[in-house]
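> no FASTA, just this:
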């Protein structure tokens, strides 16, 4: 009893000694400072952006877009892969945590002869328990927990990327459909003009040169359709992959034309400091730094003695069949392992881990700067594209009036037919640029929302339903 009490006191003393862990204690870095956005209007930073960012795809007012995002949250293969990486990190964290518990091994041994005199058989339970004097195990567990948190943030980043890619691809599909409608409407008008010109040429009211020019213009317009149709099919296939569907699965759902989703009039972006707690890639980089910092302590602990409590209890018999009636035995005691000389390996490993932590700190700062730059870039592109769109809307309206006026004047014989061709060619070009700009206004806004790091929480909730 006295020996058991002494052993318990020794274990308790060792446990108390292990209260301090070697190595630096992690502190969340402050990172670079940025007081305000350069590309945002003052009104965009005045309000709380969180309600708008929570499910920003709903602000486009397109039920089909919302449906695709919700489906992607639950069926995307990219998100499934990222979720599996979280489970892997979670299992590795449990592996690291298991070192905090004793290891118990059941052993048994017997000689080849079963009943010959002198044969020895025994069975034993062996216990190994490392007393974590210097916090090596606790630092390893700390690092594993940070790794798990980093894997969770990686899944969140993948979820955000999938959601934004689904929205972008859907907008591009509607933009391509808008472009196709425009080209087909122009083609129909040009074919009417061609029929009229051919009829006029037949009776001598127009020249064959005029008819050939209209045919060339009509053929060029018709040639615009196949590339647009190919791009539309490619975008639909890309959306199907994002939703984890086979090629062609969305053909019926996307067959009917629909307008390009309209961006909301109000855009709230908040302050740059908000980004550090919202964007998954910044949060992941911070957790990776925490993990590498904890591993410094684990590496430094290898320089110090490792104390292990070793115990065994079992039965010994000269008859392998009747071992249950044998003699009991037991032992318990500490085991000390101290790498006095390891050829500089441990010191080199500590230096390498210090360098890894320094790399993680630099990556964190780089991620923060990159996140801020991405927000500024997307805000600038969205704002400038809105200006471009308004200019193109005015240009299209003017080109339509010019084309209609040229047709009337040509029919009255007051203008050459070449004016009609130039007006229709300019109209087609400007309408194509407007279709592109309408699409870019919506896609650049999607990029703004993605850069702000909004929406992954709602998407995660949808995936868990």
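Sure thing, it's come through. Computed from a predicted model, the values in this text were never measured in an experiment.

> Strands of the chain, residue ranges please.
Using DSSP state E, the strands found in the chain span residues 103-110, 121-131, 306-317, 327-337.

> Report all helices and strands that the second one contacts.
Helices and strands touching strand 121-131, as assessed by 3 or more CB pairs under 8 Å, 6 or more residues apart in numbering; DSSP states H and E, comprise helix 2-17, strand 103-110, strand 306-317, strand 327-337. (Each C-beta comes from the backbone N, C-alpha and C, glycine too.)

> Nearest residue to the middle of this protein?
The centre of the chain sits closest to residue 158, judged by CA atoms, centre = their mean, with a distance of 2.1 Å.

> thought that residue was touching residue 79?
Yes: Residue 158 is within contact range of residue 79, at 5.8 Å (criterion: CB atoms under 8 Å).

> shared neighbours, those two?
Common neighbours of residue 158 and residue 79 are not found (criterion: CB atoms under 8 Å, 6 or more residues apart in numbering).

> residue boundaries of the helices in this structure?
2-17, 42-46, 50-54, 63-75, 77-98, 136-202, 208-223, 225-242, 272-278, 280-301, 345-411, 417-451, 456-463 (DSSP state H).

> Would you format those as TSV with mean pLDDT included?
Formatted as TSV, the helices of the chain follow (pLDDT from 0 to 100):
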stretch	mean pLDDT
helix 2-17	42
helix 42-46	66
helix 50-54	81
helix 63-75	92
helix 77-98	89
helix 136-202	90
helix 208-223	86
helix 225-242	95
helix 272-278	85
helix 280-301	94
helix 345-411	92
helix 417-451	89
helix 456-463	75
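
> and residue 333, which of those is closest to it?
helix 2-17 (8.4 Å; CB to CB).

> Report the contact partners of the closest residue to residue 81 other than its chain neighbours.
Excluding the flanking residues, the one nearest residue 81 by CB to CB, 6 or more residues apart in numbering is residue 158, at 7.7 Å. Contact analysis of residue 158 by CB under 8 Å, 6+ apart lists 78, 79, 81, 82.

> Most neighbours of all those residues, which one?
Each of these was scored for neighbours by other CB atoms under 10 Å, and residue 79 scores highest at 24 neighbours.

> surely that one meets residue 161?
No: the pair residue 79 / residue 161 is not scored as a contact, 9.4 Å apart, by CB under 8 Å.

> Report how many residues lie close to residue 436.
Using other CB under 10 Å, residue 436 is surrounded by 18 other residues.

> Make residue 1 into 18 and carry on from there
In the new numbering, first residue 18, that becomes residue 453.

> That one against residue 192, yeah?
Yes: with contacts counted by CB under 8 Å, residue 453 reaches residue 192, the gap being 7.2 Å.

> Residue 278 is in contact with residue 77, isn't it?
Yes: Residue 278 lies in contact with residue 77 (CB under 8 Å); the separation is 3.8 Å.

> okay, these two: which has more neighbours?
Between residue 278 and residue 77, counting by other CB under 10 Å, residue 278 is the more crowded of the two (25 against 20).

> what sits against the more buried one?
Going by CB under 8 Å, 6+ apart, the list of residues near residue 278 reads 77, 78, 79, 82, 187, 188, 191, 459.

> Next: residue 298.
So residue 298 contacts 170, 174, 384, 388 (CB under 8 Å, 6+ apart).

> What separation do you get for it and residue 305?
With distances taken as CB to CB, to the nearest Å, residue 298 is found 10 Å from residue 305.

> With residue 112 instead?
From residue 112 to residue 305 the distance is 19 Å (CB to CB).

> same question, residue 403
Relative to residue 305, residue 403 is positioned 37 Å away (CB to CB).

> Identify each buried residue in stretch 464-482, please.
Neighbour-count burial for stretch 464-482, counted by 16 or more other CB atoms under 10 Å, picks out 464-477, 479-480.

> contacting residues around that stretch?
Counting by CB under 8 Å, 6+ apart, 66-67, 69-74, 86-87, 89-91, 96, 173-174, 176-181, 185, 284, 286-287, 292, 295-297, 299, 388, 391-392, 394-396, 398-399 sit against stretch 464-482.

> Could you find which two of the contacts of residue 175 are furthest from each other?
96 and 98 (7.3 Å).

> Give me the neighbour count for residue 104.
Neighbour tally, residue 104, other CB under 10 Å: 11.

> can you pull the contacts of it?
By CB under 8 Å, 6+ apart, the contact list for residue 104 is empty.

> coming back round to it: tell me the most buried of the helices of the chain?
Comparing the helices of the chain by mean neighbour count (mean count of other CB atoms under 10 Å), helix 297-318 ranks first with a mean of 23.

> Next, the angle from that one to helix 362-428.
170 degrees (axes from the mean of the first three to the mean of the last three CA atoms, to 10 degrees).

> what's the angle from helix 297-318 to helix 94-115?
20 degrees.

> Excluding chain neighbours, give the residue nearest to residue 73 in space.
Leaving aside its sequence neighbours, residue 73 sits nearest to residue 466 (CB to CB, 6+ apart; 4.2 Å).

> Actually, residue 374.
residue 309 (4.2 Å).

> correct me, but that neighbour touches residue 377?
Yes: contact criterion CB under 8 Å: residue 309 and residue 377 qualify, at 4.3 Å.

> measure residue 261 to residue 89 for me?
8 Å.
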